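**Student:** missing the sequence, but the structure's below:
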């Protein structure tokens, strides 16, 4: 049977060890004779599991004590609305750095509220989002926060360091696709949020990391969208996504066993460099992204021929290299190399690409 490698952008590959442990515990969690999918969120079994997951995440990301960690539902997309409702309470003005589809979605959702002034303070649209904005000139300093997306899954760009020109601003980051895979200083951000289904666990969970003194300043918010109420109830204002939190906790344990975020970043650099090195020397395939802005986790590439791209995707799929089709907005191909993706899978992809290139020269 052909070995399968899953290059999906999300929901994405999970560590095999995590899946095996979940399988072993599925019918009896902690010897309780109940599945983790059956336990009450008011039980000590759940409370201990939840607290361990929170402690491990705090350890992995070196999250200071003055930040709350929330385990939320609704995906990162719901945070596009929840963040402004909670944080845009002083100037009622928000700045957005536009680096692609998901940053656009973030400010478009904020605009739908009709409560705030929403400004695009910098954009890489002129480059078709193949590079990032590294210098932000703020004409108006009166922003409650400035929002950015650290990694752009569709466009294949990633911030390693924050743009200059944001001194004194509260920064909010969507880290959905490279959280725990690239080391950041949490203190640099007022709030971080991330959907789980790429580097944290399974779909159905969103992690929010927020500086405590930023929340609790807005009255009459819907309870489920109120960070302070969620923090006060340890993310159990209603029934939390128990199984998704459990899976995230297993991933956090696995990450600790792999020596943490710095080790994951080093491995991600090794994996991505292997593919980028081939792309940069190929006469058939190429990367459209500016070199210094390239993502470690989402790597788009093209042949320049739509029919040849389709042929490559079909043949790669038959060879067990799955989910390489690029996002519908940009086409081509995309390899997503999240933390749990094996180095051997990148080697298999590069070997296949070399063979494909030899067979299709002149196409």
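**Tutor:** Received it, and whenever you're ready, just let me know what you need. From a predicted model like this one, the values you see are computed outputs, not experimental measurements. Numbering: from 1, shown residues only.

**Student:** hey, where'd the strands end up in the stretch 1-150 of the chain?
**Tutor:** In order along the chain, the stretch 1-150 of the chain carries the following strands (DSSP state E, counting those that start in this stretch): 5-6, 67-72, 93-98, 117-123, 145-149.

**Student:** Regarding residue 335, which helix or strand does it belong to?
**Tutor:** Secondary structure here is read from DSSP states H and E; on that basis residue 335 sits in strand 333-336.

**Student:** buried residues in that strand?
**Tutor:** Counting neighbours by 16 or more other CB atoms under 10 Å, one finds that the buried residues in strand 333-336 are 333, 334, 335, 336. Bear in mind the C-beta positions are built from the backbone N, C-alpha and C, glycine included.

**Student:** Same list (the strands of the stretch 1-150 of the chain) but as JSON lines, adding distance to residue 54, mean neighbour count and mean pLDDT.
**Tutor:** Conversion of those to JSON lines gives the following (distance: least, CB to CB, whole Å; neighbours: other CB atoms under 10 Å; pLDDT from 0 to 100):
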{"stretch": "strand 5-6", "distance to residue 54": "28", "mean neighbour count": "20", "mean pLDDT": "98"}
{"stretch": "strand 67-72", "distance to residue 54": "5", "mean neighbour count": "22", "mean pLDDT": "98"}
{"stretch": "strand 93-98", "distance to residue 54": "28", "mean neighbour count": "23", "mean pLDDT": "97"}
{"stretch": "strand 117-123", "distance to residue 54": "32", "mean neighbour count": "18", "mean pLDDT": "96"}
{"stretch": "strand 145-149", "distance to residue 54": "24", "mean neighbour count": "26", "mean pLDDT": "98"}
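
**Student:** Which one, of these, ends up nearest to residue 272?
**Tutor:** For the strands of the stretch 1-150 of the chain, distance to residue 272 was read as CB to CB. The smallest value, 15.0 Å, belongs to strand 5-6.

**Student:** Paired strands for that closest one, with orientation please.
**Tutor:** strand 321-322 (parallel) (DSSP bridges).

**Student:** Report the distance from the partner strand to the chain centre.
**Tutor:** 21 Å (CA atoms, centre = their mean, to the nearest Å).

**Student:** Against which helices or strands is the strand holding residue 335 packed?
**Tutor:** Contact here means 3 or more CB pairs under 8 Å, 6 or more residues apart in numbering; DSSP states H and E; on that basis strand 333-336 packs against strand 298-301, helix 306-318.

**Student:** Go ahead and name everything in contact with the last one.
**Tutor:** Helix 306-318 is contacted from outside by 284, 302-303, 322, 324-326, 331-333, 349, 352, 356, 360, 363, using CB atoms under 8 Å, 6 or more residues apart in numbering.

**Student:** now these: which count as buried?
**Tutor:** The buried subset of those (16+ other CB under 10 Å) comprises 284, 302, 303, 324, 325, 326, 332, 333, 349, 352, 356.

**Student:** can you tell me which of the contacts of helix 306-318 are in strands?
**Tutor:** Filtering the contacts of helix 306-318 for membership in strands, criterion DSSP state E, returns 322, 333.

**Student:** Out of the contacts of helix 306-318, flag the one nearest to residue 243.
**Tutor:** residue 322 (24.4 Å).

**Student:** wait, the closest one sits on residue 3?
**Tutor:** No: under the criterion of CB atoms under 8 Å, residue 322 is not in contact with residue 3, lying 10.8 Å apart.

**Student:** hang on, residue 182 in a strand?
**Tutor:** No: secondary structure assignment (DSSP: H, G, I helix; E, B strand; the rest coil) places residue 182 in coil, not in a strand.

**Student:** Counting neighbours, what do you get for it?
**Tutor:** Look at residue 182: counted by other CB atoms under 10 Å, it has 23 neighbours.

**Student:** Hmm, it is touching residue 262, no?
**Tutor:** No: counting by CB under 8 Å, residue 182 sits too far from residue 262 to count as a contact (9.9 Å).

**Student:** name the element residue 199 belongs to?
**Tutor:** Using DSSP H and E, residue 199 falls outside every helix and strand.

**Student:** is it true that it touches residue 179?
**Tutor:** Yes: using CB under 8 Å, residue 199 is in contact with residue 179, at 5.5 Å.

**Student:** from the buried residues of strand 333-336, which is closest to residue 39?
**Tutor:** Distance to residue 39, by CB to CB, is smallest for residue 336 among the buried residues of strand 333-336, at 32.3 Å.

**Student:** Check what pLDDT that closest one gets.
**Tutor:** Predicted confidence (pLDDT) at residue 336: the value is 98.

**Student:** just residue 202 next, same as before
**Tutor:** At residue 202 the predicted local confidence, pLDDT, stands at 98.

**Student:** That one is in contact with residue 245, isn't it?
**Tutor:** No: the pair formed by residue 202 and residue 245 falls short of the contact definition of CB under 8 Å, at 9.9 Å.

**Student:** So between those two, which is more surrounded?
**Tutor:** Taking other CB under 10 Å, residue 202 and residue 245 do not tie; residue 245 has more neighbours (25 against 20).
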